[in-house]
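Undergrad: Just need the structure, nothing else, for what follows:
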Amino acid sequence: MAQQKVLIAGASGYLGRYAVREFAGRGYAVRALVRDRLRLSGIGPNFEPDVSQLVAEVHVGDAADPSSLRGSCDGGVDVVFSCMGLTKPQAGATSEAVDHLGNRALLEEAVRSGVKRFVYVSVFNADKMMDSDMVAAHERFVEDLRASPMPHTVIRPTAYFNDMGMFFGFARKGHVFLFGDGKNRFNPIHGADLAKACADAANDEGCSEVAVGGPETFTYDETNLMAFEALGLEPKITHVPMWVGDAALFALGLFNAPFASIMAFALSVSRMDNVAPAAGTRRLQEFYRDLAGRESAA
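TA: Purely as a prediction, here's the structure:
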């Protein structure tokens, strides 16, 4: 049987690196779609693996420039896996340009090149967060995917462990600020566990959606208390009323729309529980301990 080829869009990011390792470990030839091939090298800030030696081919392209994606699926790509998206403010880019139009251009390339399946990572509970530009952009692409002839799976994770790494960074500075009362529950998932679910979806048939979260459910307060504990610091958490966040978002939107889009998503997830079907084995406390251990060894 001929070796299958997968194009991984967003291969240098947190989930993307774990996806490269997972697909390569299953025998796929991996083509990485990245803006900078050098970002495939080195261990990432949240322990994402160096995958520079696992990638068979690299296509350099930018989702904000659809013309740069031309030819990305040529040469016998069987599966496209895309976790390509805007996760932090980027000069000259918007969620609409990257999450929606960039992925749509990639889908058009996939259809033109005869790709057999498209696996896309969106957001869990997206229907409850359509007031967020970032979520709405993801879902506009999901609609494009559904309208296309391409067999596909939409993966809907809750939160990633690298998001928890952000909480750890706040705790390290001695003070965490949380929108809301901190009692909302969610089950974040490690990148390696999520990558397994994504690679499994490459073998699905027809069209489907998969909601997935990690094996443990916490409140937002609990995740932050665990970070303080791992660091050996006295917890200090301030709960910011949601109305304050809404007011700040309005003001921010007047002069920094990209950052406001990210903040709108943070506010949206802070208003509800986000508990998806549990998968994986990696535990958040161990992740925090690893982060703390690396700091103490530095």
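Undergrad: all helices of this protein, in order?
TA: Under the criterion DSSP state H, helices of the chain are mapped to 14-25, 95, 103-113, 133-147, 161-172, 191-201, 220-231, 242-253, 257-269, 284-297.
Undergrad: Generate TSV for these, with mean neighbour count and mean pLDDT as supplementary columns.
TA: Heads up, the C-betas are built off the backbone N, CA and C, glycines and all. Putting those into TSV (neighbours: other C-beta atoms under 10 Å; pLDDT from 0 to 100) gives the following:
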stretch	mean neighbour count	mean pLDDT
helix 14-25	25	98
helix 95	26	86
helix 103-113	20	97
helix 133-147	19	95
helix 161-172	20	92
helix 191-201	23	97
helix 220-231	20	96
helix 242-253	13	77
helix 257-269	19	75
helix 284-297	15	89
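Undergrad: just the strands in the stretch 1-150 of the chain please.
TA: Under the criterion DSSP state E, counting those that start in this stretch, the stretch 1-150 of the chain contains strands at 5-9, 29-34, 57-60, 79-82, 117-121.
Undergrad: still on that earlier bit, so which of the helices of the chain is nearest Arg35?
TA: Closest approach to Arg35 among the helices of the chain is made by helix 14-25 (11.4 Å; C-beta to C-beta).
Undergrad: Report all helices and strands that that closest one contacts.
TA: Counting contacts by 3 or more C-beta pairs under 8 Å, 6 or more residues apart in numbering; DSSP states H and E, helix 14-25 packs against strand 5-9, strand 29-34, helix 191-201.
Undergrad: is it possible to export the ones you listed to CSV including distance to Ala248?
TA: Supplementary listing: the helices and strands packed on helix 14-25 in CSV, determined by distance: least, C-beta to C-beta, whole Å:
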stretch, distance to Ala248
strand 5-9, 33
strand 29-34, 33
helix 191-201, 30
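Undergrad: Of the ones you listed, which is nearest Lys173?
TA: Short answer: helix 191-201, nearest of these by C-beta to C-beta, at 24.0 Å.
Undergrad: how distant is that closest one from the center of its chain?
TA: Averaged C-alpha coordinates place helix 191-201 at 12 Å from its chain's average position (C-alpha atoms, centre = their mean, to the nearest Å).
Undergrad: Name the residues that touch that helix?
TA: Applying C-beta atoms under 8 Å, 6 or more residues apart in numbering, the external contacts of helix 191-201 come out as 14-15, 17-19, 21-23, 26, 46, 48, 81, 83, 119, 121, 153, 155, 157, 160-162, 208, 210, 212, 214-215, 279-282.
Undergrad: between that helix and strand 5-9, how many degrees?
TA: Orientation note: helix 191-201 sits at an angle of 130 degrees relative to strand 5-9 (axes from the mean of the first three to the mean of the last three C-alpha atoms, to 10 degrees).
Undergrad: could you give the angle of helix 191-201 to helix 161-172?
TA: Angle, helix 191-201 to helix 161-172, by the same axes, to 10 degrees: 170 degrees.
Undergrad: OK, contacts around Ser132?
TA: Under the criterion of C-beta under 8 Å, 6+ apart, the contact list for Ser132 reads 261, 264-265, 267-268.
Undergrad: Kindly report the same for Ala292.
TA: For Ala292, the residues meeting the contact criterion (C-beta under 8 Å, 6+ apart) are 168, 230-232.
Undergrad: Mind putting the residues you listed into TSV with distance to Gly61?
TA: What follows is the contacts of Ala292, written out as TSV (distance: C-beta to C-beta, whole Å):
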residue	distance to Gly61
Phe168	32
Ala230	38
Leu231	39
Gly232	44
